[in-house]
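> got a predicted model here, sequence first, then my questions.
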Amino acid sequence: MTDDTFRPTELSDLECYDFLRSQELGRLAYHLLGEVHIVPVNYAVDDDNRLIFRTAEGSKLFGITMNDDVAFEVDQLLGDEAISVIVRGRAHLLEADSAYVAERVRLRPWINTPKFNVVAIDPNEVTGRRLHMHRPWRSMRG
């Protein structure tokens with residue numbers, strides 16, 4: 001393989017959203033009390049390309065209420081290929097009359113705890129890359 005084989009390939013917006021729709025688990029980065037926190041979140045993408053997730057009362061909800069600037073990352077490693085998509089945007093709590101969207105998308109809590117709050121992330125920027133991994137240590141014998 002040439003060096004060009006290992007260069008990242010940028011994904012189009014359509015490819016990014018197709019990938020996001022094919023996955024269920026990502027990492028939410030949010031601000032809380034002057035620190036950045038990262039937590040795993042199961043999510044779904046709605047018809048408006050918003051990322052939707054449920055959460056209980058707690059630090060995630062408090063953090064996005066105080067500062068709605070968030071990032072969300074989803075990745076996948078299959079063999080020697082990796083895909084990573086990053087969404088930057090604004091998170092907000094959906095009010096009761098809008099929260100019904102969580103019932104229309106493939107979104108169910110993974111942990112059997114009540115999660116009554118539905119949050120949407122409105123993307124400002126979506127970027128994605130496909131990488132062909134060069135891992136020579138896999139063939140080394142020691």
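Nice, I can see it.

> which stretches of the protein form strands?
For the chain, applying DSSP state E gives strands covering 9-10, 25-32, 35-42, 44-45, 51-55, 69-78, 81-93, 117-132.

> tally up the residues packed near the closest residue to residue 109 other than its chain neighbours, please.
Residue nearest to residue 109 in three dimensions, not counting chain neighbours: residue 115, with 5.1 Å by CB to CB, 6 or more residues apart in numbering. From N, CA and C alone the C-beta is placed, and that goes for glycine too. By other CB atoms under 10 Å, 21 other residues sit near residue 115.

> who's in contact with the nearest residue to residue 13 once chain neighbours are set aside?
Distances taken as CB to CB, 6+ apart put residue 126 closest to residue 13, at 6.0 Å, once the chain neighbours are dropped. Residue 126 makes contacts with 13, 16, 17, 85, 86, 87, 88, as judged by CB atoms under 8 Å, 6 or more residues apart in numbering.

> contacts for the longest helix belonging to the chain?
Across the chain, the longest stretch assigned as helix under DSSP state H is helix 13-22. By CB under 8 Å, 6+ apart, the list of residues contacting helix 13-22 from outside reads 11, 45, 49, 51, 74, 76, 83, 85, 87, 126, 127, 128.

> show the buried residues in these.
Buried residues within the contacts of helix 13-22, defined by neighbour count using 16 or more other CB atoms under 10 Å: 11, 45, 49, 51, 74, 83, 85, 87, 126, 128.
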